[in-house]
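Undergrad: take this sequence and fold it.
(chains A and B)
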Amino acid sequence: MSNDTNTPPDDAPIVDINDQIAQRLDNLAAWRGEGTDPYGAIFPDRTLSVDAKALYNEDDPEAEPSVTVAGRIVLFRVMGKAVFAQLRDGAGLIQVYAQKNVLGDELFAAFKRLDFGDIVGVTGGVFKTRTGEITAKVQSYTLLSKALRPLPAKHEGLVDVEQRYRQRYLDLIGNDEAAAVFRKRIDIVREVRSFLEDRGYLEVETPMLQVVAGGAAARPFETYYNALSCPMFMRIAPELYLKRLLVGGFEKVFELNRNFRNEGLDRRHNPEFTMLELYEAYGDCRTMMELVEALITTVAQNVNGSLQVRLNEETTLDFTPPFRRVAYRDLVCERMGNDWYDVSGAERLGRAQALDLEVDAGMSDVAVTHEIYEKVIEHELIQPTFVTRLPRHLVPLAKTCDDDDTLVDVYELEINGLEISPGYSELNDPVEQRKRFQEQIDTADGNPEVSKIIDEDFLTALEHGMPPAGGLGLGIDRLVMLLTAAESIRDVILFPHLRPKK
RNA sequence: GGGACGGUAGCUCAGUCGGUAGAGCAUCUGCCUUUUAAGCAGGGGGUCCCGGGUUCAAGCCCCGGCCGUCCCA
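TA: Numbering: from 1, shown residues only, chains lettered A, B, ... in the order given. Okay, the predicted model is just below:
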């Protein structure tokens, strides 16, 4: 209990009341006073706005076929004894036209009391106004939901980015482009599933809560499992479970769901993100390259109707296959000189420093090279590029190359300077796998991204024999960013993480 | 974690040199039966993000904090 006079009374209908909300509360009371339930009920047999407008017949303008539509009032123009309102439903917009002589004094007066943002159902004949807009005449109407808060400005929509993320529903109501991005995301996810289903891959669900957060190097979210009295981790990857399924005889499996990594947020990272992960027995890295290339081109073509995406003034992505395939070493030589791997360590260091990179003599040659790859080369890979044959220490879960055991048989697909998909020839030698896990722990040096626990259950599974396999990951949020030309991952995630207010 | 920028009416934004806080839309009142960012006339609406400080006087200057955006690590 508080005596603070700034605190609204316990029976305040709304905490942050202002003149507009007060007016709407008055209107709400007026509806109730007339015996109308301002929050409606089931409203069946409505027609979507687009279909309703299609009923208008150019050859017989007098017909005025009757339709019932429902939606949110997004424009409301009172003109004395008539009102024009625009309703938005799931399919688009339709204008309705209410007239005093049609509705009668009382119903018309009540109609005028509707507010911008209210949800109504309307029945009436479809006609075309003298300015050419197909419109439904209001014969009868039903209030379906009273909005107690005004919508953002009708023309600008909602601009404030923070509010767009925190109150995404307002963004979706007011900004068509935002709604279009999320509809396209839905299309993309459906296309990915349908592509994989057509090729016989089985969609599975594996644990989100894991005892060992394996399958990637990332800091996990921790929680506690009361019933089992043990700490648990939100998964950072489903990999080790999907591989158990390979052992179990599921030969082509995938999972398309959330991973959680307890790391920073920025334009390209949301700690909770959506990933496709897929494994195919008897395949390898090349099988995976071909698959992901076909998948991306098919999805791009089906959702965008084109293999080109214009990102901005300077950049247009071209997904026409085949994507470029280039070995890590060749890429480094291409950027840093063909003699890169032959010159002295001091010379390499000098060339790296010339690029303003923070490298020092204490770093190994491999580390210096990789610093250049990550800080410079990766960002320059704009058009889809498969980088292959990466240094082995980077990837503990992949097979080494047949002809060079310092390299692993993997690809990383880079697009617009973003790593969008990794793919491996999966390591299925349990003894080698144990060795690599141990190496990782031994060299972790307190790095919180490396699990200090070896997943013994996983190794046991491998010891039973996992078929040779190809595997791949595909960042769905990033794929959506590329296909919608979105600049921030927050523009493709409906409810991105933000710091809680106050 | 560091830097730059931003937070003013429900929304979008101005706010000069530190001197009575503004516009458009929205809202309210009146007029208006085919409008299209409808129109005309009039009115109301502010914890200038929060907390300190400087000053006769702070939206503005200084310090600290909160939230966000971008860049960097």
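Undergrad: is residue A:127 bridged to anything, and to what?
TA: Beta bridges link residue A:127 to residue A:135 when assigned by DSSP bridges.
Undergrad: can you check residue A:231 too?
TA: Bridge pairing for residue A:231 - DSSP bridges - gives residue A:224.
Undergrad: for it, give me its contacts.
TA: By C-beta atoms under 8 Å, 6 or more residues apart in numbering, the residues touching residue A:231 are A:222, A:223, A:224, A:225. Using the backbone N, CA and C atoms, a C-beta is placed for each residue, glycine as well.
Undergrad: now restrict those to buried residues only.
TA: The neighbour-count test (16 or more other C-beta atoms under 10 Å) marks none of the contacts of residue A:231 as buried.
Undergrad: okay if I get those residues as a markdown table plus pLDDT?
TA: Below are the contacts of residue A:231 laid out as a markdown table (pLDDT from 0 to 100):
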| residue | pLDDT |
| --- | --- |
| A:222 | 94 |
| A:223 | 95 |
| A:224 | 96 |
| A:225 | 96 |
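Undergrad: so which of those is the closest to RNA strand B?
TA: Distance to RNA strand B, by C-beta to the nearest atom of the strand, is smallest for residue A:222 among those, at 18.6 Å.
Undergrad: report pLDDT for the closest residue to residue A:264 other than its chain neighbours.
TA: Distances taken as C-beta to C-beta, 6 or more residues apart in numbering put residue A:271 closest to residue A:264, at 8.0 Å, once the chain neighbours are dropped. On pLDDT, residue A:271 comes in at 94.
Undergrad: could you list which residues are in contact with the nearest residue to residue A:380 once chain neighbours are set aside?
TA: Closest residue in space to residue A:380, ignoring its immediate chain neighbours: residue A:417 at 7.0 Å, by C-beta to C-beta, 6+ apart. Shown in contact with residue A:417 (C-beta under 8 Å, 6+ apart): A:378, A:379, A:380, A:381, A:382.
Undergrad: which residue ranges form the strands in the stretch 101-250 of chain A?
TA: Under the criterion DSSP state E, counting those that start in this stretch, the stretch 101-250 of chain A contains strands at A:119-128, A:134-137, A:140-145, A:202-203, A:209-210, A:222-225, A:230-234.
Undergrad: how about the ones you listed in CSV, adding distance to RNA strand B?
TA: CSV is the format used below for the strands of the stretch 101-250 of chain A (distance: least, C-beta to the nearest atom of the strand, whole Å):
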stretch, distance to RNA strand B
strand A:119-128, 6
strand A:134-137, 5
strand A:140-145, 15
strand A:202-203, 32
strand A:209-210, 26
strand A:222-225, 19
strand A:230-234, 20
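Undergrad: okay if I get those strands as TSV plus distance to residue A:291?
TA: Shown next, in TSV, are these (distance: least, C-beta to C-beta, whole Å):
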stretch	distance to residue A:291
strand A:119-128	45
strand A:134-137	47
strand A:140-145	47
strand A:202-203	15
strand A:209-210	26
strand A:222-225	34
strand A:230-234	28
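Undergrad: do you know the pLDDT at the residue of chain A found nearest RNA strand B?
TA: Residue nearest to RNA strand B within chain A: residue A:80 (2.3 Å; C-beta to the nearest atom of the strand). Residue A:80 is assigned 95 on the pLDDT scale.
Undergrad: let me know how buried it is, in neighbour terms.
TA: 7 (other C-beta atoms under 10 Å).
Undergrad: report the buried residues of the helix or strand that contains residue A:334.
TA: Using DSSP states H and E, residue A:334 falls within helix A:328-336. Neighbour counts over helix A:328-336 (16+ other C-beta under 10 Å) mark A:328, A:329, A:331, A:332, A:336 as buried.
Undergrad: before we move on, what about stretch A:494-502?
TA: residue A:496.
Undergrad: I'd like the average pLDDT over stretch A:135-143.
TA: Here the average pLDDT along stretch A:135-143 is 97.
Undergrad: off-centre distance for it?
TA: 38 Å (C-alpha atoms, centre = their mean, to the nearest Å).
Undergrad: got the end-to-end distance for that stretch?
TA: This stretch, stretch A:135-143, spans 19 Å end to end (C-alpha to C-alpha, to the nearest Å).
Undergrad: same check on stretch A:149-165?
TA: 18 Å.
Undergrad: what's the first helix or strand after the helix holding residue A:334?
TA: Taking DSSP H and E, what comes next after helix A:328-336 is helix A:345-353.
Undergrad: show me what that next one is in contact with.
TA: A:336, A:337, A:340, A:359, A:360, A:361, A:365, A:368, A:369, A:371, A:372.
Undergrad: mind redoing it with 6 Å?
TA: In this structure, residues lying in contact with helix A:345-353 by C-beta atoms under 6 Å, 6 or more residues apart in numbering are A:336, A:359, A:365, A:368, A:372.
Undergrad: what about the second one, is that helix, strand or coil?
TA: By that I understand residue A:359. coil (DSSP: H, G, I helix; E, B strand; the rest coil).
Undergrad: tell me the pLDDT at the residue nearest to it when sequence neighbours are not counted?
TA: Spatial nearest neighbour of residue A:359, excluding adjacent residues (C-beta to C-beta, 6+ apart): residue A:352 at 4.6 Å. Residue A:352 carries a pLDDT score of 87 in this model.
Undergrad: then residue A:220?
TA: 94.
Undergrad: what's the pLDDT at residue A:155?
TA: 82.
Undergrad: in contact with it, which residues?
TA: Neighbours of residue A:155 in contact, by C-beta under 6 Å, 6+ apart: none.
Undergrad: quick one: it from residue A:410, how far?
TA: 51 Å (C-beta to C-beta, to the nearest Å).
Undergrad: for residue A:124, same thing?
TA: On the measure of C-beta to C-beta, residue A:124 and residue A:410 end up 63 Å apart.
Undergrad: ok, residue A:243 next?
TA: From residue A:243 to residue A:410 the distance is 15 Å (C-beta to C-beta).
Undergrad: look at the two and report which has more neighbours.
TA: residue A:410 (31 against 24).
Undergrad: which element is the more buried one on?
TA: With DSSP H and E as the test, residue A:410 turns up in strand A:404-415.
Undergrad: got it, and residue A:421?
TA: strand A:418-425.
Undergrad: tell me if that strand is near RNA strand B.
TA: No: using C-beta under 7 Å from any atom of the strand, strand A:418-425 stays clear of RNA strand B, coming no nearer than 12.1 Å.
Undergrad: apart from its chain neighbours, what residue comes closest to residue A:49?
TA: Nearest one to residue A:49, counting by C-beta to C-beta, 6+ apart, is residue A:94 at 3.8 Å.
Undergrad: report the rounded mean pLDDT for whichever strand or helix holds that neighbour.
TA: Assigned by DSSP H and E, residue A:94 belongs to strand A:92-99. Averaged across strand A:92-99, the pLDDT comes to 97.
Undergrad: now do the host helix or strand of residue A:289 against strand A:418-425, angle only.
TA: Residue A:289 belongs to helix A:285-304 when assigned by DSSP H and E. Here the directions of helix A:285-304 and strand A:418-425 differ by 140 degrees (axes from the mean of the first three to the mean of the last three C-alpha atoms, to 10 degrees).
Undergrad: any idea which helix or strand comes after helix A:285-304?
TA: That would be, after helix A:285-304 and using DSSP H and E, strand A:308-310.
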